[in-house]
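# Okay, here's the prediction I keep looking at, along with the sequence it came from:
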Amino acid sequence: MRLGLPELLVILTILLLLFGAKRLPGLAKSLGKSAKEFKSALEEE
């Protein structure tokens with residue numbers, strides 16, 4: 001399933017409303033780190 005630009009904008013807007021602009025960069029960093037670890041775990045098996 002691919003997300004288009006409108007879907008990504010809606011998700012980003014919801015995240016801004018929930019977490020605020022100050023916490024969003026840290027949240028994105030931790031999400032990226034988690035995705036990287038998950039991907040590497042899938043490649044090991």
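The structure has been received and is ready for your questions.
# Only the buried residues of the one helix or strand Glu7 maps to, if you could.
Using DSSP states H and E, Glu7 maps to helix 5-19. Counting neighbours by 16 or more other C-beta atoms under 10 Å, one finds that the buried residues in helix 5-19 are Leu15. (C-beta placed from N, C-alpha, C; glycine too.)
# I'd like to know which elements it is packed against.
Under the contact criterion of 3 or more C-beta pairs under 8 Å, 6 or more residues apart in numbering; DSSP states H and E, helix 5-19 touches helix 24-44.
# Show me what the helix it packs on packs onto, helices and strands only.
By 3+ C-beta pairs under 8 Å, 6+ apart, helix 24-44 packs against helix 5-19.
# avg pLDDT for the helix it packs on?
Mean pLDDT, helix 5-19: 89.
# could you measure Ala41 against Ile14, distance?
Distance, Ala41 to Ile14, by C-beta to C-beta, to the nearest Å: 28 Å.
# quick one on the thing from earlier: when you compare where the helix holding Glu7 runs with where helix 24-44 runs, what's the angle?
Calculated by axes from the mean of the first three to the mean of the last three C-alpha atoms, to 10 degrees, helix 5-19 forms an angle of 120 degrees with helix 24-44.
# Need the contact partners of helix 5-19.
Applying C-beta atoms under 8 Å, 6 or more residues apart in numbering, the external contacts of helix 5-19 come out as Leu3, Leu24, Leu27.
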